[in-house]
Structures are given as C-alpha cells and as structure tokens.
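Enquirer: Next comes the sequence, and after it the predicted model I'd like to discuss.
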Amino acid sequence: MHLSFVDTKEEILALKRKSKHVAPHLHNALEIVCVTNGTLELGVGQELYHMEKGDIGFVFPDIIHHYQVFSSGVNKAVYIISPPFAIGKYADIIQTMAPDYPIIKAEMVEPEVYRAINAILDTDHMDIAVIQAYLQILIARCIGKLKLVEKGDVGSKDLVYQAVSYVSGNFRKNFSLDDMARDLGVSKYVLSRTFSKTFHRNFNQYLNDARLNYACHRLENTSDAITNICYDSGFESQRTFNRAFKERYKVTPSEYRNTSRTDIIS
C-alpha cells in the first residue's frame, strides 16, 4: 500500500472517467463517486466496499481511501471533489464526522441526486454559485441516509496507520526516517521493519512513491508547469524527479500527461 496526500487547490472538480486502480491517499476535500458503468471497489481505511451502477460513495476529508477495479468490461464513474467551504451548512459535519458505511445503494438514491450530479458535470456552462447549489442539494438528499460517526473512529490507530498518515501529511517536506520515528515516538528500527514488512519497500522507496503519486494527480488534473509539480511534490531537483518518474512509469512526465488525457471520458 502506498499513500499520497492530494492537494485539491480548493476547487470543485467533476469528471467522468474510466474506473481504474487508485493508490491509497487522502486529501482535505469531500470526494463523491457515482458508478455509471460496471463496478468499482471503494476502500476506506482497512475496509473494501463493493459498488455497482448507480451506487454513490462518500469519502469525507482526511480519510484514507483507494479504488480497485476487479470486473472486466467497461467500468466508469463520476468523481466529484469539493472543498468543505462549498458544502455550506454541512461543512462542520464533514470535517468532524465520517460515514460508518460510505455507500448509498442505487435503490436508495433519489432521482434528484442523479440530476444534480449531471448538472455539476456541466461546469463549463454554469456559475460557481449554481454549482455549489447543486452540490448542496446532493448532500442534503444523501447525508440523512449515511450513519455518521466520529472521524477518529474510522480507520486504525496502529503504527501502520500512523505511518501512512505521517507520510501523507509531510511528503512534500524534507524529512528522514529518524525525524519520523522521533515524531511518532517509536524506534527507527521498528519503523523501518514496518515499512519492509507491511509495504514491502524501505522508507525511502515508500516516500518516493508518495511523491510520485501526488505528481501524477497534478499531471492528470491540472495544467501546472512540470517544474512546479516537481518541487511541489517534494523532489529536490527536476533531474531526480525525471529519473524517478521514468523508472517507475517508463515514460517522461510530459508523455504521461499526454497519455492520461485519453483516459478522461467526456
């Protein structure tokens, strides 16, 4: 399991795309996913939830989550990512609570919710205030169908979870295994064994993966300069970034960006 922290830039992002594996990550935004074709597995914390056509999943801010695709054929979903302030009166709730079971099955979803999702997708033709209104309608129609619990009750408090959370919140900074062990109050040797045993890679490899995952998100979803993405991801030089990126993905960052555009379904 590799994890990254995604900076959502305080924008409302909405897209329909082919479903694919997305590594464990977290961000400070609300994420809503609605399956439109095939199936999708939504992982939250250490649990995996099966989703079928019409099902809607909710991931509240700062909750570790990931996606898996197990079925063959065409698998697509709508993804909406919104900063808490866009949710209006629900902002405090999603910051402090989280769904105990994050899926609303299709038979429980009101038609108005699907209409709101389709309207949000048509962002090129709407004022941001209108988009926020549709988003708030979506939340208002769904939040009562979710059993909410204290956010601290979601996930695990063990060292693995702490390590994942620490890296996700700090990978853009320059820190060492010693620094991390001191901050977590554990021996660096125990922490090192945790990375090797659980993640099947050493600390530096895991940290590098988190930075590359973040860089990929920026390449796929923004038009930011690759140089800026490099340094924002925590790499000390563009040469190091390019070498690590090509070693993992077998293409350059610019080639990856061009290829990833073909995965977006309009």
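Expert: Sure thing, it's come through.
Enquirer: what comes up buried for stretch 249-258?
Expert: Under the neighbour-count criterion of 16 or more other C-beta atoms under 10 Å, stretch 249-258 has 253, 256, 257 buried. The way it works is simple: take the backbone N, C-alpha and C, and place the C-beta from them, glycine included.
Enquirer: Give the other helices and strands that the helix or strand where the last one lies contacts.
Expert: Secondary structure assignment for residue 257, by DSSP states H and E: helix 253-260. Using 3 or more C-beta pairs under 8 Å, 6 or more residues apart in numbering; DSSP states H and E as the contact test, the elements touching helix 253-260 are helix 203-221, helix 226-232, helix 238-249.
Enquirer: Just name the most buried of those.
Expert: Using mean count of other C-beta atoms under 10 Å, the stretch among the helices and strands packed on helix 253-260 with the greatest mean number of neighbours is helix 203-221 (a mean of 21).
Enquirer: pLDDT on that helix, on average?
Expert: The average pLDDT within helix 203-221 is 87.
Enquirer: For that helix, give me every contacting residue.
Expert: Applying C-beta atoms under 8 Å, 6 or more residues apart in numbering, the external contacts of helix 203-221 come out as 2-7, 13, 23, 25, 167-168, 171-172, 177, 180, 191-192, 195, 199, 201, 224, 226, 229-230, 232-235, 241, 244-245, 248-249, 253, 256-257, 260, 263.
Enquirer: Recalculate using a threshold of 6 Å.
Expert: 2, 4, 6, 23, 167, 171, 177, 195, 199, 224, 229, 233-234, 244, 248, 256-257, 260 (C-beta atoms under 6 Å, 6 or more residues apart in numbering).
Enquirer: quick one: the strands in the stretch 51-200 of the chain?
Expert: Remark: strands assigned in the stretch 51-200 of the chain by DSSP state E, counting those that start in this stretch are 56-59, 65-68, 76-82, 97-99, 103-104, 148-150.
Enquirer: And the pLDDT for the nearest residue to residue 246 once chain neighbours are set aside?
Expert: Take residue 246 and drop its neighbours on the chain: the residue closest to it by C-beta to C-beta, 6 or more residues apart in numbering is residue 252, 5.9 Å away. Residue 252 is assigned 94 on the pLDDT scale.
Enquirer: what's the answer for residue 14, then?
Expert: Residue 14 is given a pLDDT of 88.
Enquirer: if I've got this straight, it is in a strand?
Expert: Yes. Looking at residue 14 with DSSP: H, G, I helix; E, B strand; the rest coil, it is inside a strand.
Enquirer: Help me confirm that it comes into contact with residue 119.
Expert: No. Applying C-beta atoms under 6 Å as the test, residue 14 and residue 119 come out as separate, 9.6 Å apart.
Enquirer: Any figure for the gap between the closest residue to residue 101 other than its chain neighbours and residue 133?
Expert: Distance criterion C-beta to C-beta, 6+ apart; nearest residue to residue 101, sequence neighbours excluded, is residue 147 at 6.3 Å. Counting by C-beta to C-beta, to the nearest Å, the gap from residue 147 to residue 133 is 26 Å.
Enquirer: Quick check on these two: which one has the bigger neighbour count.
Expert: Using other C-beta atoms under 10 Å, the more surrounded residue of residue 147 and residue 133 is residue 133, with 16 against 9.
Enquirer: what's around residue 146, how many residues?
Expert: Other residues lying near residue 146 total 18 when counted by other C-beta under 10 Å.
Enquirer: Got the domain ranges for this protein?
Expert: According to automatic domain parsing, the chain comprises the domains 4-153, 159-265.
Enquirer: in the stretch 101-250 of the chain, which ranges drop under the pLDDT threshold?
Expert: 123-126, 152-158 (pLDDT under 70).
Enquirer: if we go to 90?
Expert: Within the stretch 101-250 of the chain, the set of residues satisfying pLDDT under 90 comprises 121-132, 149-172, 194-201, 206, 209-210, 213-214, 216-223, 248-249.
Enquirer: so how far is residue 13 from the closest residue to residue 238 other than its chain neighbours?
Expert: Nearest residue to residue 238, sequence neighbours excluded (C-beta to C-beta, 6+ apart): residue 230, at 4.9 Å. Counting by C-beta to C-beta, the gap from residue 230 to residue 13 is 22 Å.
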